[in-house]
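Chemist: when you get a sec, could you give me coordinates for this:
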Amino acid sequence: MGALPRFEEAVIPKEKFIDYALNPQKQPHKALAFQLALGYNLTNAEKLIENIKVNLGAHPVKDKGNKGYGDVYEVTMELTGENGKTAKVLTGWLDDPVNGEMRLTSAYVDK
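Modeler: Numbers count the residues shown, from 1 in each chain. Predicted coordinates for the structure are as follows:
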């Protein structure tokens, strides 16, 4: 399969990282995984978002179907982080029929 549909206009809410994925108070294991694998934390969350945006179109998408809230997709990409290391990052996406956004719903380091 090709790239995520409309990947050029994909929306990546900063809150997904600040309030969740990189926040050691909310998700200690996920935050530690991003820190150790790629060198991302709360202080450089914008760089992780940009890294995902830049690499999103270069990786194949998996269509995960529609569970009643819109079409769901998954993209696993190899990212090189702030620490120079490379790791796989699995990202989840929702094509939201309410507002028309292709929006990031989840992201984590994939072992």
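
Chemist: what ranges do the helices span in this protein?
Modeler: 15-16, 28-38, 45-55 (DSSP state H).

Chemist: dump the ones you listed to a markdown table, plus distance to residue 81 and mean neighbour count.
Modeler: Heads up, the C-betas are built off the backbone N, CA and C, glycines and all. Listed next are the helices of the chain as a markdown table, based on distance: least, Cβ to Cβ, whole Å; neighbours: other Cβ atoms under 10 Å:
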| stretch | distance to residue 81 | mean neighbour count |
| --- | --- | --- |
| helix 15-16 | 17 | 14 |
| helix 28-38 | 3 | 17 |
| helix 45-55 | 7 | 16 |
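
Chemist: for this structure, give me the ranges with low pLDDT.
Modeler: Scanning the chain with the threshold set as pLDDT under 70 gives 1.

Chemist: tell me which stretches of it form strands.
Modeler: For the chain, strands defined by DSSP state E occupy the ranges 61-66, 71-80, 86-95, 102-110.

Chemist: in the chain, what residue sits furthest out from the centroid?
Modeler: Residue farthest from the centre of the chain, counting by Cα atoms, centre = their mean, is residue 68 at 21.4 Å.

Chemist: would you mind measuring from that one to residue 56?
Modeler: To residue 56, residue 68 is 25 Å away according to Cβ to Cβ, to the nearest Å.

Chemist: kindly report the same for residue 16.
Modeler: 14 Å.

Chemist: same question, residue 41
Modeler: 21 Å.

Chemist: that concludes my questions; thank you for your assistance.
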